[in-house]
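Peer 1: I'll drop the sequence and a predicted model, then ask my questions.
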Amino acid sequence: MNLKDDLSKILIIDFGSQFTQLIARRVREFGIYSEIISHKKINKKLNKKKINGIILSGGPLNVYQSKKVKFNNEILKWNIPILGICFGHQVISKELGGKVKKAKNREFGLAKLKRLNKSKLTKNFFSKSGTNNVWMSHADEVTKLPKGFRVIAKTDTSKFSIIENPSKKFYGIQFHPEVSHTINGKKIIKNFIFSICKMRRNWSSKNQKYVLTHEVKQMVKKSKVICALSGGVDSSVVAKLIHNAIGKQLTCIFVNTGLLRKNEEHQVIKTFKKKFKLNLIYVDAKKIFLNNLRNIKDPEKKRKIIGNLFIKIFEKYAKKIKNVKFLAQGTLYPDLIESKSVTGSQTSKIKSHHNVGGLPKKMKLKLVEPLRFLFKDEVRKLGLELKLSKDIVLRHPFPGPGLAIRMPGEITHSKIKMLKEADEIFINGLKEHNLYNKIWQAYAALLPVKTVGVMGDNRTYEYMCLLRAITSEDGMTADFFSFSKKFMQLVSNKIINNIKGINRVVYDITSKPPSTIELE
Ligand code: XMP
């Protein structure tokens, strides 16, 4: 994504980690421009004039899979500071003469790091006692230091957790400083950018609005665009951004899948058609979606069916509008990485996000996805820059496949009805108790399990409702929110007393990872 060739940058070389974009985002947070490039695309032709530092990402490979790991060691001769993270640490260690082996004990999750030496890279990173909790995810480890390097910190299982060659400005770290579980992880990135690469701030969220509007204009020119509007944060921001860029060339299409939150369709029409006066077509496709999803239990099949139906509907309306060339979508970076890698490296597939993995191969429209490299909070900032209301911009995220993936097992009309009611009770409860804005995302789900209860003096045998509320920075990792017993009791009682068919409420207390935010 060569947005700006004239800006000094940190080049991030991607080996397929789930977290590569998180590294880019951390760099952006410090007001520094960065670009990501696949490790397969490093060659002599690369313009290195504006590269002030290089970060090598982690990745699912091991350094001995030599066919897959094309590491062009050219970069080691460029005289540019390098920070290798996880796999990146192992790959430079090996290239510079160290040794990497399968670790006796794999390390996944939190590990205690102990400082052995001081380094510019770790200024203000360790606690006073010289320790820190860091997040690890590796099966291999560096077992022999490359020549000219020294060790800065270790854990009980990996003795070269941070290493450096300060004269060459090469640094390697086994853990992930970019994830929020690593305490003070941002300090490492900050030290690398400012103390080691000596960069100056050159990027802000205002640049984001300008660059993205310009990108859309360049790409679309005089063509017509249709936009998949759902009323959620992402598609609302996309619609407004594109409307600002190309005005009447844009038509928004809002599909009522029957899998939306309660009353959502009315709110969308009111806001976008009446208030913003965007071209908006409302498609009532409740029956089509429900018919196609009948008896489908497999989560990936549900996602694919929904994705394909969406696209068919868009294509149909595009034909009616005539000469439409582009389909705009609010795909964000986390949607992309969890479906496939953006940079062509080897990221493992977790879920097919409906607006990515579900696309038919022969789609006749080209995609415009201006938010594809942004995270949710960056989209929210952009939304406010675009003068969207706080109600829209601060709304909890809602997945494209909607309630279908909050209802494991079969999807039926009566289940959808129960789920809409339960979700509304929970969300209203959060708003009434001033909890909504403290939570990144909350929802009710309906589990395909019936359990026995007793109401009045009668036995009941009904469904179980699961509540999920998480805090997160970006949707990549998440923690469950701690409610008071009083609040949980209140919501649980209200759900059971008001919704026929539910006799038990449970609260999901898993984090992400190991769970995901949605159930499917
Ligand atoms: P997971 O469940 O993958 O969710 O941890 C991460 C975030 O993404 C949302 N999500 C989706 N958004 N299309 C979307 O537009 C999808 O197919 C989709 N699946 C999950 C989810 O609600 C959470 O905010």
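Peer 2: The structure has been received and is ready for your questions.

Peer 1: Could I get the full set of helices for the protein?
Peer 2: Taking DSSP state H as the test, the helices found in the chain are 20-29, 87-95, 185-190, 205-220, 233-246, 264-268, 286-293, 299-321, 333-337, 376-385, 390-393, 413-432, 485-498.

Peer 1: got a list of what residue 137 touches?
Peer 2: Neighbour list for residue 137: 58, 86, 107, 108, 109, 176 [criterion: CB atoms under 8 Å, 6 or more residues apart in numbering]. Every residue, glycine included, has its C-beta placed from N, CA and C.

Peer 1: For the helices of the chain, which has the smallest mean pLDDT value?
Peer 2: Mean pLDDT per stretch puts helix 333-337 lowest among the helices of the chain, at a mean of 66.

Peer 1: Once you drop chain neighbours, what's closest to residue 366?
Peer 2: residue 326 (5.2 Å; CB to CB, 6 or more residues apart in numbering).

Peer 1: Run the chain-centre distance for the longest strand anywhere in the chain.
Peer 2: The longest strand of the chain (DSSP state E) is strand 99-115. How far strand 99-115 lies from its chain's middle: 26 Å, per CA atoms, centre = their mean, to the nearest Å.

Peer 1: Next: stretch 140-159.
Peer 2: 31 Å.

Peer 1: And stretch 75-92, by the same measure?
Peer 2: 25 Å.

Peer 1: Kindly provide the distance from the nearest residue to residue 487 once chain neighbours are set aside to the ligand.
Peer 2: Leaving aside its sequence neighbours, residue 487 sits nearest to residue 433 (CB to CB, 6+ apart; 6.0 Å). The gap separating residue 433 from the ligand is 22 Å, by CB to the nearest ligand atom, to the nearest Å.

Peer 1: wait, residue 433 sits on residue 488?
Peer 2: No. Using CB atoms under 8 Å, residue 433 is not in contact with residue 488; the gap is 11.1 Å.

Peer 1: list the contacts for the closest residue to residue 284 other than its chain neighbours?
Peer 2: Computed as CB to CB, 6+ apart, the closest residue to residue 284 that is not its neighbour in sequence is residue 256, at 5.1 Å. The contact partners of residue 256, by CB under 8 Å, 6+ apart, come to 265, 282, 283, 284, 285, 286.

Peer 1: again with residue 144
Peer 2: 98, 99.

Peer 1: re the thing from before, any common contacting residues for residue 433 and residue 488?
Peer 2: Counting by CB under 8 Å, 6+ apart, nothing touches both residue 433 and residue 488.

Peer 1: on that earlier part again, dump the helices of the chain to CSV, plus mean neighbour count and distance to residue 146.
Peer 2: Below are the helices of the chain laid out as CSV (neighbours: other CB atoms under 10 Å; distance: least, CB to CB, whole Å):
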stretch, mean neighbour count, distance to residue 146
helix 20-29, 24, 22
helix 87-95, 26, 5
helix 185-190, 21, 20
helix 205-220, 16, 38
helix 233-246, 24, 44
helix 264-268, 17, 56
helix 286-293, 16, 55
helix 299-321, 18, 43
helix 333-337, 23, 30
helix 376-385, 19, 37
helix 390-393, 15, 48
helix 413-432, 18, 52
helix 485-498, 15, 54
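
Peer 1: To residue 452, which of those lies closest?
Peer 2: Proximity to residue 452 (CB to CB) singles out helix 485-498 among the helices of the chain, at 13.7 Å.

Peer 1: Next, the angle from the closest one to helix 413-432.
Peer 2: Relative orientation of helix 485-498 and helix 413-432, computed by axes from the mean of the first three to the mean of the last three CA atoms, to 10 degrees: 150 degrees.

Peer 1: Relative to the whole chain's centre, how far out is helix 485-498?
Peer 2: 31 Å.

Peer 1: Does anything pack onto that helix? Which helices or strands?
Peer 2: With contacts defined as 3 or more CB pairs under 8 Å, 6 or more residues apart in numbering; DSSP states H and E, the packing partners of helix 485-498 are helix 413-432, strand 502-507.

Peer 1: So what touches the longest one?
Peer 2: Right, the one you point to is helix 413-432. Outside helix 413-432, the residues touching it (CB under 8 Å, 6+ apart) are 258-259, 261-262, 290, 396, 403, 406-407, 435-436, 439, 442-446, 463, 465, 467, 469, 487, 490-491, 494-495, 498-502.

Peer 1: Can I get that helix in CSV, CA atoms only?
Peer 2: What follows is helix 413-432, C-alpha atoms only, in CSV (Å, rounded to 0.1, in the frame of the first residue of the first chain):
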residue,chain,number,x,y,z
HIS,A,413,-38.0,-17.8,13.3
SER,A,414,-38.9,-18.4,16.9
LYS,A,415,-35.2,-18.5,18.0
ILE,A,416,-34.5,-15.2,16.2
LYS,A,417,-37.5,-13.6,18.0
MET,A,418,-36.2,-14.7,21.5
LEU,A,419,-32.7,-13.6,20.7
LYS,A,420,-33.7,-10.1,19.6
GLU,A,421,-35.7,-9.6,22.8
ALA,A,422,-32.9,-10.9,25.0
ASP,A,423,-30.3,-8.8,23.3
GLU,A,424,-32.4,-5.7,23.7
ILE,A,425,-33.0,-6.3,27.4
PHE,A,426,-29.2,-6.7,28.0
ILE,A,427,-28.2,-3.7,25.9
ASN,A,428,-30.8,-1.4,27.4
GLY,A,429,-29.7,-2.6,30.9
LEU,A,430,-26.1,-1.6,30.0
LYS,A,431,-27.2,1.8,28.8
GLU,A,432,-29.4,2.4,31.9
